[in-house]
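> next come a sequence and a model predicted from it.
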Amino acid sequence: MTAQLSGQINTLEQSVAERTQDLEKQALRLRTAAEGARDAASAPSLSELLDRASRLVRDRFGFYHTGIFLLDESGEYAVLRASPTEAGKEIMANNHRLRVGEQGVVGRVAATGEPRIALDTGADSVYFSNPLLPATRSEMALPLKTSEGVIGIIDVQSDQPEAFTQDDVAIIQVMADQLATAIERVRLLHRVESNLEELERTYSVFTRKSWASPAGNKTSNSGYRFDNVRL
């Protein structure tokens, strides 16, 4: 009876520990998603938005490398635009870009719009080996998608094989969706501001020309006359 009770207690303790771990993972998922949403809403510029997102992923999960790629205007290349790691900053300084559909996990995801995980980069023929990231053993790339299609990719790399779980994928995909929406919002705001500035410049030029025209015409007697009743 003592042995049975001891076994039941051990089983119960294991169940409680597993449930506690599940709750902690769920709390992490919600907290990370909330922080991503907060940063997306408050970032003043696109570069600041991307920097905050890449740093949040790195800090929450402790990955070896985190980077955010955006597609160029032609849609031909995925260009690294943000990374919080020293290696990532050096890679960006070299104008690192990958051809869509042809180079690496990032290039494949940019072309297909589907997530891809390389659990063992040594055995994955699609993996692009970067000499500045020699310790990478596994890689995960998730698309940033809007109604217009793929606009970028979140790329995370680990120095451990088979480092990514379904929970990792779920959490980072939520962040990817939030980030894509925020990027679209920032770009739209930038276009509106640019159009407004162009309109103001055009109106300013038109106003100056309108006032300069009668002032430069010395033979004109155009003007206003007030007879103490009306103009």
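Cool, got the structure. Residues are numbered from 1 along each chain as shown.
> packing partners for the strand or helix carrying Thr207?
Thr207 is part of helix 166-216 when elements are defined by DSSP states H and E. The contact analysis (3 or more Cβ pairs under 8 Å, 6 or more residues apart in numbering; DSSP states H and E) places helix 166-216 against helix 2-42, helix 46-61, strand 138-146, strand 149-158. All C-beta spots, glycine's among them, are computed from the backbone N, C-alpha and C.
> can you give me the buried ones in the second one?
This means helix 46-61. Applying a neighbour-count criterion of 16 or more other Cβ atoms under 10 Å, one finds 46, 49-58, 60-61 buried in helix 46-61.
> export those to CSV and tack on distance to Ser222 and pLDDT?
Shown next, in CSV, are those (distance: Cβ to Cβ, whole Å; pLDDT from 0 to 100):
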residue, distance to Ser222, pLDDT
Leu46, 50, 86
Leu49, 53, 88
Leu50, 56, 91
Asp51, 58, 91
Arg52, 58, 87
Ala53, 60, 87
Ser54, 62, 89
Arg55, 63, 88
Leu56, 64, 86
Val57, 67, 85
Arg58, 68, 85
Arg60, 70, 80
Phe61, 73, 81
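> any chance of TSV for those residues, columns distance to Gly152?
Converted to TSV, the buried residues of helix 46-61 look like this (distance: Cβ to Cβ, whole Å):
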residue	distance to Gly152
Leu46	11
Leu49	11
Leu50	9
Asp51	14
Arg52	15
Ala53	10
Ser54	11
Arg55	16
Leu56	16
Val57	14
Arg58	17
Arg60	19
Phe61	19
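> what mean pLDDT does the helix holding Thr207 have?
Summarised as a single mean, pLDDT over helix 166-216 is 83.
> for it, what is the distance to the chain centroid?
Centroid separation for helix 166-216 versus its chain: 18 Å, with Cα atoms, centre = their mean, to the nearest Å.
> tilt between that helix and strand 138-146?
If you take axes from the mean of the first three to the mean of the last three Cα atoms, to 10 degrees, helix 166-216 sits at 40 degrees to strand 138-146.
> could you list the low-pLDDT ranges of the protein?
Across the chain, the ranges flagged by pLDDT under 70 are 16-19, 21-43, 122-127, 213-221.
> try it again with 80
Applying pLDDT under 80 to the chain picks out residues 1-44, 121-129, 167-168, 210-222.
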